[in-house]
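1. Just to be clear, the model below is a prediction. Sequence and coordinates:
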Amino acid sequence: MRGAVRRLIEVDSRTFERSLPDDPLIILPVGALEAHGPHLPLGADQIQAEATAEALATRLDAYVAPTIAYGSCPGARRFPGTVSLTLVELEGLARRLFGEFGRMGVRRLLVLSGHAERGHMAALREAGDEAMSRYPGLRVLVLSDYDFVYELRGKESPETDGHAGLLETSRLLAIAAPLVGPERPVVERRGSPFVPGPPSPSEWPESVQGDTRPASRELGERVQAHVLSRLESTVRELLPRGPT
């Protein structure tokens with residue numbers, strides 16, 4: 001049976017303390033303020049992470065912690081509205097926050113990032129590794145919902161679909177349709193992954209990768225259902241309640 005969403009900002013200290021012996025799962029969403037083309041909001045990553053965290057929390061009777069709203073977005077930094085932390089800054093913030101949960105006796109922490117940039121995820125994983133080393137009772141799982149969204153490339157979208165593309169646009173139509181604009185850009189991202197630094201304006205003229213014209217709420221609902229199913233099974237396998 002699925003329960004109500006339990007947000008940490010709405011729970012009093014003593015109630016939370018009494019729940020600790022039951023080994024509650026804490027879900028910590030991570031977003032980014034980043035350009036997502038002319039059709040999606042700057043907070044697309046945060047919006048998706050929070051919506052997914054709250055839906056997952058009802059399945060797993062978890063707490064949802066306040067979101068880390070900024071991330072490392074070097075590739076999109078030249079586009080207006082993007083705010084990018086350095087990897088050192090992000091890792092330091094995450095390390096402190098993860099450690100605080102370990103200090104208070106939390107044993108199961110799911111870090112759910114709506115932003116999947118490689119360096120961003122590496123910084124979060126480094127912070128998770130250090131927190132577990134410092135607090136041996138703490139188990140941390142660090143992943144992006146896009147680890148599962150992109151399992152659908154080649155099935156629900158072209159293999160080349162990516163940032164703010166068909167799958168992401170459809171997912172936002174399912175989660176936050178009023179925030180999705182009418183434009184449907186088509187952008188092919190060029191450039192080699194072996195060349196350091198962000199792509200040039202000629203290689204990536206807009207912060208989109210793919211053809212968004214076929215985007216639909218129906219596709220987005222299928223994508224979100226897949227993500228939630230995969231997240232639930234992953235958490236049940238890797239962060240089970242009780243001792244390791």
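-> Arrived safely.
2. Going by residue numbers, what spans are helices in the chain?
-> Under the criterion DSSP state H, the chain contains helices at 13-19, 44-60, 87-103, 118-134, 146-149, 166-176, 217-238.
3. Could you look over these and pick the most buried one?
-> Of all the helices of the chain, helix 166-176 carries the top mean neighbour count, a mean of 25, counting by mean count of other Cβ atoms under 10 Å. Every C-beta, even on glycine, is put in place using the N, C-alpha and C of the backbone.
4. and the direction of that one versus that of helix 217-238, what angle?
-> Put simply, helix 166-176 runs at 90 degrees to helix 217-238, going by axes from the mean of the first three to the mean of the last three Cα atoms, to 10 degrees.
5. Touching helix 166-176 from outside, list them.
-> With contacts defined as Cβ atoms under 8 Å, 6 or more residues apart in numbering, helix 166-176 is touched by 36, 39-41, 44, 47-48, 51, 149-150, 152-153, 156-158, 161, 179-180, 184, 210-212, 214-221, 223-224.
6. and of the helices of the chain, who's closest to Arg7?
-> With Cβ to Cβ as the measure, helix 44-60 is the member of these nearest Arg7 (8.0 Å).
7. My read is that Leu56 contacts Pro29, right?
-> No: the criterion here is Cβ atoms under 8 Å, and Leu56 misses it with Pro29 at 10.0 Å.
8. re the thing from before, export the helices of the chain to TSV and tack on mean pLDDT and distance to Ala4?
-> Shown next, in TSV, are the helices of the chain (pLDDT from 0 to 100; distance: least, Cβ to Cβ, whole Å):
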stretch	mean pLDDT	distance to Ala4
helix 13-19	97	14
helix 44-60	98	7
helix 87-103	98	22
helix 118-134	98	28
helix 146-149	98	24
helix 166-176	98	19
helix 217-238	98	17
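9. Output those helices as a markdown table; include the columns distance to Cys73.
-> Supplementary listing: the helices of the chain in a markdown table, determined by distance: least, Cβ to Cβ, whole Å:
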| stretch | distance to Cys73 |
| --- | --- |
| helix 13-19 | 32 |
| helix 44-60 | 9 |
| helix 87-103 | 10 |
| helix 118-134 | 7 |
| helix 146-149 | 14 |
| helix 166-176 | 15 |
| helix 217-238 | 21 |
